Every structure is written in C-alpha cells, then in structure tokens.
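In: could you work out the structure for the sequence below:
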Amino acid sequence: MSTARPAGGVASRTAIATLVGTTLEWYDFFLYGTAAALIFNKQFFPSLSPTAGTLASFATLAVGFIARPLGGLVFGHFGDRVGRRATLVVSLLLMGLGSTLIGLVPTYDSIGLWAPVSLVLLRVVQGIGLGGEGAGATLMSMEHAPAGRRNLYAGFPQMGTPAGLIVANLAFLGTNALAGEATFTAWAWRVPFLLSIVLVAAGLVIRLRIEESPSFDRVREEGEVARFPLAAAMRVGLPRLALTLLAVVANSAVAYVFMVFTLSYGSQHAGYDKQFLVLGVSGAAVLWFATIPVWTAVADRHGRRTMFLAGSAAILVWCGVFFPLLDTGNPALALVALAGMGLIIPVTHCVQGAIIADTFPARVRYSGSSLILQAGAVLGGGLAPMISTALLGPDASSTGVTWYLVAICAVSLIGAVALFRTVPEPRPEAGAAARLPEFAGEA
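Out: Got it, this is the predicted structure:
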C-alpha cells in the first residue's frame with residue numbers, strides 16, 4: 001500500500017504545527033535561561049557573591065543540557081519504533097509540566113538546600129523533554145516536505161528557537177513592567193513559568209491533529225523498523241559522526257552566549273540596563289526568526305553546503321568583534337553587536353537539522369539525529385554560559401570569552417569543510433513520499 005499523500009496541505013499544516021510546538025518548548029527552556037541570568041542567583045544562591053551566584057545559576061542551566069541527550073536517546077528510540085507523532089506529543093507535555101512546577105518551587109530562604117535541588121530536578125525534566133523535541137520536530141516537517149523544498153520545511157521547527165526566545169523575554173519584560181522590579185524579583189518572576197501550562201495545552205491541541213511522517217509509515221509498512229535504532233544508526237561510522245558533531249557545535253555555543261550570558265555580563269560588567277539588554281536580544285531574535293525562511297529558500301535553490309560554510313566563516317568573524325562592541329558601553333554599538341548575531345546565527349542554524357538528518361536512513365533517523373543534536377547542545381550551548389563566566393578575568397575582561405568563541409567557531413568550520421569533502425552530496429529527493437538520502441551500505 002502506498003504511503004504517498006498530497007504534499008501541499010498536509011506538509012503546510014505539519015510545518016506550522018512543528019513551529020508552534022517548538023516555539024512553546026523553547027519558550028519554556030528560555031524562561032529558565034533568562035531567569036538564570038537575572039533572578040536565580042538571588043533567589044536560590046543568596047549566600048554567594050554575584051559572580052559565584054551567577055556561575056551556580058548557570059550550572060543549573062547546564063544540567064538541562066546534560067539531560068537532553070537522555071531525552072534524545074529515549075524519545076529517539078521510540079520515535080524510530082513507535083512513530084514521530086506520539087513522541088512529540090509526550091515531549092511537549094513533559095516540558096510544560098516541568099516549567100510549570102519550576103514556577104512553584106520555594107526559594108532558598110523558605111526551604112534551604114532543597115530549593116536548588118528541586119530546581120535541578122525540574123531542569124532535568126525540561127532537558128529530557130526538549131531532548132525529544134529537537135530532532136523529532138525537524139524530521140516530522142522535513143519528511144512531509146514537497147519536492148525541492150526540504151530545507152525550507154526543515155527550517156520551520158528551527159524558527160521555534162528565536163520565536164520561543166522572543167515570547168519568553170517579552171513575558172519577563174511584561175511581568176516586570178506590571179509588577180515592578182521589587183515584586184518581580186521577589187515572586188512575580190514565577191508568572192511566566194505558570195503560564196506554560198496554558199500555552200502547552202494549546203500546543204497539544206494543534207500537535208494532536210498532525211499526521212504521522214510518511215517516511216516512518218513506509219518504514220513500518222515495509223517491515224524495516226529497527227529493533228535497536230541507535231545501534232543501527234552508529235553504522236554510519238565514527239569519523240562521519242564526529243565531523244557532523246564538530247560542524248554544528250559552534251552554533252549552539254555562540255547562540256547561548258548571545259542569548260543568556262550576554263544578559264548577565266552586560267548588566268553586571270558592561271553597565272547596560274537589564275531591560276535594554278532583554279529588548280536588544282529580543283529584537284535580534286526577531287531578525288533571526290524572520291531570516292530563516294530566506295536562508296532556507298537559498299539553500300533549496302543553491303545548496304545548503306556552500307551556505308553553511310559561508311555562515312560558519314561569518315559567525316567566526318562576528319564573534320571576534322561582538323564583545324569589543326559591547327565593551328564600548330555605547331548602546332548604539334551594543335545594538336549593532338546584537339543585531340549582527342541575529343542576522344548571522346540563522347545562516348547555519350536553519351540547515352543544521354537537515355545536515356544532521358542526511359547522515360541517517362529513515363528507519364533510524366530520529367535516534368541518530370538526536371544523538372548528534374543533543375551532544376552538540378551539551379558541548380556547545382549547555383556549557384557555554386558557564387565557561388564564559390569562568391573565563392572572565394579578575395577585572396571582568398571579556399577577552400577570554402572572545403577567544404573561546406573564535407576557537408570553537410574555527411573548530412566547527414574545519415569540521416564542516418572536512419565533512420563536506422569526505423561525504424558526497426545527498427541525492428535529490430522526489431517529494432515527501434520519496435526516500436531521503438541514506439548512507440552507503442545501508443540495507
């Protein structure tokens with residue numbers, strides 16, 4: 001029985017549903033990042049100095065990233081065995097519940113050590129939920145894509161990252177404006193977390209209406225469901241896995257320094273107002289969101305590899321000037337620095353999901369993609385704010401942070417060049433029902 005479906009309407013509905021779902025998941029995740037930069041050091045680590053408290057707060061942020069590979073492996077396994085749709089519903093529900101409960105955790109003054117312990121445990125729940133979301137949403141949209149538009153459709157879930165950041169920051173700014181600084185710091189910061197349950201309920205209604213991936217339907221109908229998908233995915237070979245990981249790790253690191261570390265550094269050491277920084281990062285995220293469809297259309301027309309390499313080189317250069325611009329203390333130059341990140345980050349971010357997915361055949365694609373994506377998130381984004389805080393010198397100099405970002409960008413650029421030289425271009429697909437590229441030797 002054929003699994004082919006009319007591509008237009010189904011593909012569009014699926015793309016929008018993945019965008020909405022990932023926006024809500026990233027909203028929850030970024031709420032924590034913003035709170036970790038601005039609030040949690042005071043509420044959960046009050047006995048530490050501002051720098052030590054921020055470092056401890058960012059450590060709890062990193063815990064969520066460490067949990068993401070676990071979520072990716074668990075959800076990837078069931079996504080390759082049971083289906084993409086069911087796992088994406090569960091991941092969204094898990095993230096929403098975790099975030100809502102964070103809004104209910106008492107502070108250190110109320111329950112002592114149990115406050116940061118509870119925070120860490122719920123951060124693990126968040127990480128597991130997001131670990132199941134990242135690769136799955138990209139695959140769901142990409143595997144429904146019409147012919148010649150696979151990069152565009154794979155980019156829709158990627159738009160959820162800046163969209164979630166924008167909504168999370170606006171929720172914080174709005175609550176702060178309504179409650180006032182003192183009230184917001186004392187308890188009103190919880191309101192955006194508690195709103196998660198309402199937003200996730202709306203997201204579930206949308207996500208439950210999408211159809212299963214035609215690629216997975218075909219795998220199931222042909223009796224090709226892998227018993228141990230991750231083990232089968234590893235057959236692609238360690239060299240290609242390592243190069244793919246290296247190619248994508250910088251984007252995550254740079255993005256989290258830009259989205260999270262900039263808030264604490266700019267307010268504590270560079271003299272900027274917190275609201276100015278949150279608005280500046282949010283404005284840059286609008287550019288990030290708006291340009292993803294442009295870059296994915298370019299990738300569909302001219303090829304994603306050349307664009308990815310150009311974007312990798314551009315982000316390396318911009319990392320060299322980002323903190324020097326912030327350090328001027330000039331708000332106009334700070335906005336230029338932030339806007340530059342908003343324009344450059346999406347060049348590589350929008351296609352990295354498709355690049356990772358092309359590494360694996362459909363029957364193990366969820367497990368394999370989750371492995372690479374979440375490992376990159378841990379090595380890049382999860383540790384980046386904490387490493388950046390630790391690299392600040394005694395005089396709070398950002399020089400070490402700049403060299404750290406430039407170095408990791410250079411590693412990713414070299415990894416991407418090596419990957420593209422050793423792996424042939426994927427075969428063009430013939431539409432949503434066609435086989436996507438598979439690695440050599442796959443049975």
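In: stretch 400-409: which residues count as buried?
Out: 401-402, 404-406, 408-409 (16 or more other C-beta atoms under 10 Å). Quick note: C-beta positions are derived from backbone N, CA and C, even for glycine.
In: redo these as CSV? Include pLDDT.
Out: Shown next, in CSV, are those (pLDDT from 0 to 100):
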residue, pLDDT
401, 94
402, 95
404, 95
405, 96
406, 97
408, 96
409, 97
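In: identify the farthest-apart pair in those residues.
Out: 401 and 409 (12.6 Å; C-beta to C-beta).
In: what element comes up after the strand or helix carrying residue 344 heading to the C-terminus?
Out: According to DSSP states H and E, residue 344 maps onto helix 331-357. For helix 331-357, the following helix or strand on the C-terminal side (DSSP H and E) is helix 365-377.
In: if we can go back for a sec, check which residues of the helix holding residue 344 are buried.
Out: Per 16+ other C-beta under 10 Å, helix 331-357 contains these buried residues: 334-335, 337-357.
In: now stretch 315-327
Out: 315-316, 318-319, 322-323, 325-327.
In: now, which of those residues lie within helices?
Out: Counting by DSSP state H, the part of these found in helices is 315-316, 318-319, 322-323, 325-326.
In: which two in these are spaced the farthest apart?
Out: Greatest spatial distance among these (C-beta to C-beta): 316 and 326, at 17.5 Å.
In: excluding sequence neighbours, find me the nearest residue to the residue nearest the centre of the chain.
Out: Central residue of the chain (C-alpha atoms, centre = their mean): residue 161, 5.7 Å from the mean position. Nearest residue to residue 161, sequence neighbours excluded (C-beta to C-beta, 6 or more residues apart in numbering): residue 26, at 5.2 Å.
In: residues touching that neighbour, list them.
Out: Contacts for residue 26 (C-beta atoms under 8 Å, 6 or more residues apart in numbering) come out as 130, 160-161, 163-165, 168.
In: can you read off the pLDDT for residue 2?
Out: We have a pLDDT of 41 for residue 2.
In: residue 303 too?
Out: 86.
In: how near is it to residue 355?
Out: 11 Å (C-beta to C-beta, to the nearest Å).
In: what's the neighbour count on residue 9?
Out: Residues within reach of residue 9, counting by other C-beta atoms under 10 Å, total 9.
In: hmm, I typed the wrong one, I wanted residue 399.
Out: With other C-beta under 10 Å as criterion, residue 399 counts 14.
In: same question for residue 386.
Out: For residue 386, using other C-beta under 10 Å, the count is 22.
In: that one contacts residue 57, correct?
Out: No: counting by C-beta atoms under 8 Å, residue 386 stays clear of residue 57, with 9.3 Å between them.
In: got phi/psi on residue 208?
Out: The phi and psi values for residue 208, taken as degrees, to the nearest 10, are phi -70, psi -10.
In: what pLDDT, on average, does the helix or strand that contains residue 203 get?
Out: Following DSSP H and E, one finds residue 203 within helix 196-207. Regarding helix 196-207, the rounded mean pLDDT is 83.
In: list the helices and strands it packs on?
Out: Using 3 or more C-beta pairs under 8 Å, 6 or more residues apart in numbering; DSSP states H and E, the elements in contact with helix 196-207 are helix 7-38, helix 84-102.
In: tilt between that helix and helix 7-38?
Out: Relative orientation of helix 196-207 versus helix 7-38 (axes from the mean of the first three to the mean of the last three C-alpha atoms, to 10 degrees): 170 degrees.
In: in whatever helix or strand comes next after helix 196-207, which of the residues would be classed as buried?
Out: Counting by DSSP H and E, the next helix or strand C-terminal to helix 196-207 is helix 214-221. Across helix 214-221, burial judged by 16+ other C-beta under 10 Å covers 214-220.
In: tally of neighbours for residue 23?
Out: 24.
In: tell me how far it lies from residue 360.
Out: Counting by C-beta to C-beta - residue 23 and residue 360 are separated by 26 Å.
In: if we can go back for a sec, which strands and helices sit next to the helix holding residue 344?
Out: helix 114-142, helix 150-179, helix 238-256, helix 274-302, helix 304-326, helix 365-377.
In: and of the ones you listed, who's closest to residue 231?
Out: helix 365-377 (8.8 Å).
In: can you list the residues that contact the helix or strand that that closest one is followed by?
Out: Where DSSP H and E defines the elements, the next helix or strand beyond helix 365-377 is helix 384-391. Helix 384-391 is contacted by residues 33, 36-37, 51, 54-55, 58-59, 61-62, 252-254, 256-257, 260-261, 264-265, 400-401, 404 when judged by C-beta under 8 Å, 6+ apart.
In: please name the nearest non-neighbouring residue to residue 98.
Out: residue 125 (3.6 Å).
In: what's the neighbour count on the one you found?
Out: 19.
In: pLDDT weak spots in the stretch 151-300 of the chain?
Out: Scanning the stretch 151-300 of the chain for pLDDT under 70 picks out no residues.
In: hmm, back to that, any idea how far the residue nearest to residue 161 is from residue 307?
Out: 23 Å.
In: pLDDT wise, what is residue 149 at?
Out: pLDDT at residue 149 comes out at 84.
In: in this structure it contacts residue 300, no?
Out: Yes: between residue 149 and residue 300 there is a contact under C-beta under 8 Å: 5.7 Å.
In: distance check, residue 384 against residue 359.
Out: Taken as C-beta to C-beta, the span from residue 384 to residue 359 is 24 Å.
In: so between those two, which is more surrounded?
Out: residue 384 (30 against 24).
In: how far away is the more buried one from residue 378?
Out: 10 Å.
In: mean confidence score for the helix holding residue 344?
Out: Mean predicted lDDT for helix 331-357 stands at 94.
In: quick one: that helix to chain centroid distance?
Out: 12 Å (C-alpha atoms, centre = their mean, to the nearest Å).
In: next, the angle helix 274-302 makes with it.
Out: Using the same axes, to 10 degrees: helix 331-357 against helix 274-302 is 40 degrees.
In: burial count for residue 309?
Out: 17.
In: which residue, other than its chain neighbours, is closest to it?
Out: Distance criterion C-beta to C-beta, 6+ apart; nearest residue to residue 309, sequence neighbours excluded, is residue 416 at 5.8 Å.
In: for the one you found, pull up the helix or strand it's in.
Out: helix 399-422.
In: separation between residue 340 and residue 247?
Out: With C-beta to C-beta as the criterion, residue 340 and residue 247 are 22 Å apart.
In: in three-state terms, label residue 223 for me.
Out: coil (DSSP: H, G, I helix; E, B strand; the rest coil).
In: what's around it, how many residues?
Out: 6.
In: do the same with the one 3 residues further on
Out: The number of residues packed around residue 226, counting by other C-beta under 10 Å, is 17.
In: quick one: secondary structure of it?
Out: Criterion first, three-state DSSP; result for residue 226: coil.
In: quick one: it and residue 81 touch, right?
Out: Yes: if you go by C-beta under 8 Å, residue 226 and residue 81 touch, sitting 7.3 Å apart.
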